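[1] Have a look at this fold, sequence not included:
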């Protein structure tokens, strides 16, 4: 548990998100001046094989980082630190579901030490369009903060490791 908690605080991992390359990219993506970017929501996910505690159901990242300001202009940075495949539970997403912030009245916190969630219910038509975000070590994925996504199930024998954070244009709050 301590290793997991400390990884997201690691200066070397966080420095990637503060590099000029990333700041410049997200500044252009969000159409914001570099000085107007705010970065939060740092995470390192260790998705172990057959995990039953931390698989996230369909959700948007908005409620976790923008409950007060859903109009933020924001993006999620998803950085695989291992190869992400269907077998090791890569992220599942539904394209073209980012246009609307879904207000979730309360979070779903189970009593058995599972991850806190703000679950949403995609329509059956939306679910037909589910895609797997397979990626290689070193790829960087940028996702809209409102995009519907969920964890995949790791059925491999190896841990899937991913780092991430959220970039926000502070002038839109």
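    Received it, and whenever you're ready, just let me know what you need. All values derive from a computational prediction rather than experimental measurement.
[2] Which residues are in contact with the closest residue in space to residue 58 that isn't next to it in sequence?
    Distance criterion Cβ to Cβ, 6 or more residues apart in numbering; nearest residue to residue 58, sequence neighbours excluded, is residue 150 at 4.7 Å. All C-beta atoms are positioned from the backbone trio N, CA, C, and that covers glycine. Residue 150 sits next to 55, 56, 57, 58, 59, 91, 92, 93 when contact means Cβ atoms under 8 Å, 6 or more residues apart in numbering.
[3] wait, isn't the last one in contact with residue 143?
    Looking back up the chat, that one is residue 93. Yes - counting by Cβ atoms under 8 Å, residue 93 touches residue 143, with 7.1 Å between them.
[4] Residues in contact with both of these two, list them for me.
    Counting by Cβ under 8 Å, 6+ apart, the contacts common to residue 93 and residue 143 are residue 149.
[5] show me what contacts residue 49?
    Counting by Cβ under 8 Å, 6+ apart, residue 49 touches 88, 154, 155, 156, 157, 158, 159.
[6] What are the boundaries of the strands in the protein?
    In the chain, the strands defined using DSSP state E lie at 37-47, 73-80, 92-93, 131-132, 141-144, 149-150, 160-169.
[7] and the first one, how far out from the chain's middle?
    Chain-centre distance of strand 37-47: 8 Å, with Cα atoms, centre = their mean, to the nearest Å.
[8] again with stretch 77-89
    The answer for stretch 77-89 is 12 Å, by Cα atoms, centre = their mean.
[9] With stretch 31-43 instead?
    15 Å.
[10] so residue 60 makes contact with residue 99?
    No - the pair residue 60 / residue 99 is not scored as a contact, 11.1 Å apart, by Cβ under 8 Å.
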